[in-house]
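Trainee: I would like the atomic coordinates for the input below:
(one chain, ligands or ions: 1)
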Amino acid sequence: MRPAPRFPALRERAERASFRVDGARPPAYSGAPGPGPGGGNARIRNISIELLNRRFLVAATLVIGLAVLQGCGGEYPQSALHPTSDFAHRLDGLFMQVVWWALGVWVVVWAALFYTTFRYRERPGAGRPQEIHGHVLLEIGWTLAPALILVAIAIPTIRTIFVVDRPPTDPDALTLEVIGRQWWWEFRYPELGIVTGNEAHIPVGRTIDVRLRSADVVHSFWVPRLGGKRDLVPGQENQIWFTADSVGVFWGQCAEYCGTAHALMGFRIIVDDAPTFERWAAEQRADAAIPAAAEARAGQAVFMSNACVSCHTISGTAAQGRFGPDLTHFGSRLTIGAGILDNTPENLARWIDSTQHVKPGNLMPEVRLTDQQVRQLAAYLSNLR
Ligand code: CUA
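Mentor: From the prediction side, this is the model:
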């Protein structure tokens, strides 16, 4: 037996259809439950299932809605929605224009949908609606409207591309060379004679002329709060410019898949006020601190007598390796392993002891050291401020 449709008009139509198919005479609609044993109970059961379904839908909507709203709260250091540079503000402005257009389209579509749903819904006794084949004005309208919206979005987009691509005119611009490596970042300041790894300080309010190169594969430089992405391509120098407008620590991330540890190839851009930046730059130019405490001195001996020296530079010492990050002022950095761990002696010991566990695939080999040597090494490096 066919289940009884819920709406009388639909029911009648279904019955007419079934009459045509099986040749039986359609029963007259009486509003009573369908024939058959237990028809009334079945109807009550249908209604309660329907109510349950409705409750489930409401509950599911609430849960999903709350989960989505949850995504709007909290701390998101890599959100492009909180721009803090001229470049990032331009991108944000463009994004918001597109959002407003999309919102307008959304409102119009839903309003039209609701209007037609209620205005033209099937009512008991209503006749067949008139069918329309082609409506020239409507066809032109819904072809032209999206085209005009796309043009309205394209104009500011193209303008923004040209604006952010224009080389900086600021004669005071500071050059920052960024070299992408599997899987860390080298930062160089050619005008200041500074080399650092995974963390770059920049002065607020001054144009930063970023030169991007790669030592191996394609990486992508991205600090969402400071501007757009730009690739670091082997054998080529790319550029990006921005002027930060507030001090703070801004998270960056490699945005182009570059191998095993790509997702753990983070970095920090620290925007300082001018005096703080000058002080930092002066400290960075100095040779490494000579360890005073016995443990740190022992750590230096461990460093110098192991493979560490062949990959890392610590200026003022025999360590002049160039393969890994420069560690001259390692203790002044906020993070370890390209932005993945806070720079604490405990984390540092963990990093030295089981680097392949902390950042699988990274190119630093695990050197066999005793627990004491690991502690000493951590003490030495933490003191390189
Ligand atoms: Cu470097 Cu992804």
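Trainee: I'd say Ser354 and Glu366 touch.
Mentor: Yes - proximity of Ser354 to Glu366 meets the contact threshold set by C-beta atoms under 8 Å, at 6.8 Å. Every C-beta, even on glycine, is put in place using the N, C-alpha and C of the backbone.
Trainee: Surely Glu186 is in a strand?
Mentor: Yes - counting by DSSP: H, G, I helix; E, B strand; the rest coil, Glu186 is found in a strand.
Trainee: That one against Ile179, yeah?
Mentor: Yes - counting by C-beta under 8 Å, Ile179 is a contact partner of Glu186 at 4.1 Å.
Trainee: Okay, helices next: where are they in the protein?
Mentor: For the chain, the helices defined by DSSP state H cover 8-22, 39-70, 86-119, 136-165, 274-285, 294-304, 308-311, 345-353, 355-358, 371-382.
Trainee: Please enumerate the shared neighbours of Glu186 and Ile179.
Mentor: Each of Ala215 lies in contact with both Glu186 and Ile179 under the rule C-beta atoms under 8 Å, 6 or more residues apart in numbering.
Trainee: Can you tell me what sits against stretch 372-385?
Mentor: Contacts for stretch 372-385 (C-beta under 8 Å, 6+ apart): 283, 288-289, 291-293, 295-300, 302-303, 308, 314, 327-332, 343, 345, 348-349, 352-353, 369.
Trainee: One more pass at 6 Å, please.
Mentor: Contacts with stretch 372-385, where a contact means C-beta atoms under 6 Å, 6 or more residues apart in numbering, come from 288-289, 291, 295-296, 298-300, 302, 329-332, 345, 348-349, 352-353.
Trainee: Figure out how far it is from the centre of its chain.
Mentor: Stretch 372-385 has its C-alpha centroid displaced from the chain centroid by 34 Å (C-alpha atoms, centre = their mean, to the nearest Å).
Trainee: same deal with stretch 312-325?
Mentor: 34 Å.
Trainee: cool, stretch 111-119 as well?
Mentor: That offset, for stretch 111-119, works out to 37 Å (C-alpha atoms, centre = their mean).
Trainee: shaky segments in the chain?
Mentor: By pLDDT under 70, the weakly predicted segments of the chain are 1-44, 47.
Trainee: repeat that for 50
Mentor: Along the chain, segments meeting pLDDT under 50 span 1-5, 10, 14, 17-38.
Trainee: how about the residues of it near the ligand?
Mentor: Gly180, Trp183, His219, Cys254, Glu256, Tyr257, Cys258, His262, Met265 (C-beta under 6 Å from any ligand atom).
Trainee: wouldn't the last one be in contact with Trp183 here?
Mentor: Yes - shown here, Met265 and Trp183 form a contact pair, counting by C-beta atoms under 6 Å, at 4.1 Å.
Trainee: Who has more neighbours out of those two?
Mentor: Met265 (28 against 25; other C-beta atoms under 10 Å).
Trainee: residues in contact with the more buried one?
Mentor: Taking C-beta under 6 Å, 6+ apart as the contact definition, Met265 lies against Trp183, Cys254, Ala338.
Trainee: What's the local residue count around Asn53?
Mentor: By other C-beta under 10 Å, neighbour count at Asn53 equals 10.
Trainee: what's it in contact with, if anything?
Mentor: Not one residue lies near Asn53 by C-beta under 6 Å, 6+ apart.
Trainee: how near is it to Asn46?
Mentor: 10 Å (C-beta to C-beta, to the nearest Å).
Trainee: Same check on Ala298?
Mentor: Ala298 is 81 Å from Asn46, by C-beta to C-beta.
Trainee: OK, contacts around Thr243?
Mentor: By C-beta under 6 Å, 6+ apart, the contact set of Thr243 is Ser85, Asp86, Thr207.
Trainee: one more time with 7 Å, if that's ok
Mentor: Ser85, Asp86, Gly205, Arg206, Thr207, Ile208 (C-beta atoms under 7 Å, 6 or more residues apart in numbering).
Trainee: So which of the residues you listed is the closest to the ligand?
Mentor: Among the contacts of Thr243, Ile208 lies closest to the ligand (C-beta to the nearest ligand atom), at 20.2 Å.
Trainee: List the contacts of the closest one.
Mentor: Neighbours of Ile208 in contact, by C-beta under 7 Å, 6+ apart: Ala173, Leu174, Leu176, Ile202, Trp241, Phe242, Thr243.
Trainee: one more time with 6 Å, if that's ok
Mentor: By C-beta under 6 Å, 6+ apart, the residues touching Ile208 are Leu174, Leu176, Ile202, Phe242.
Trainee: one step back: what remains of the contacts of stretch 372-385 if I keep only buried residues?
Mentor: Neighbour-count burial (16 or more other C-beta atoms under 10 Å) is assigned, among those, to 288-289, 291, 296, 298-300, 302, 329-331, 348-349, 352-353.
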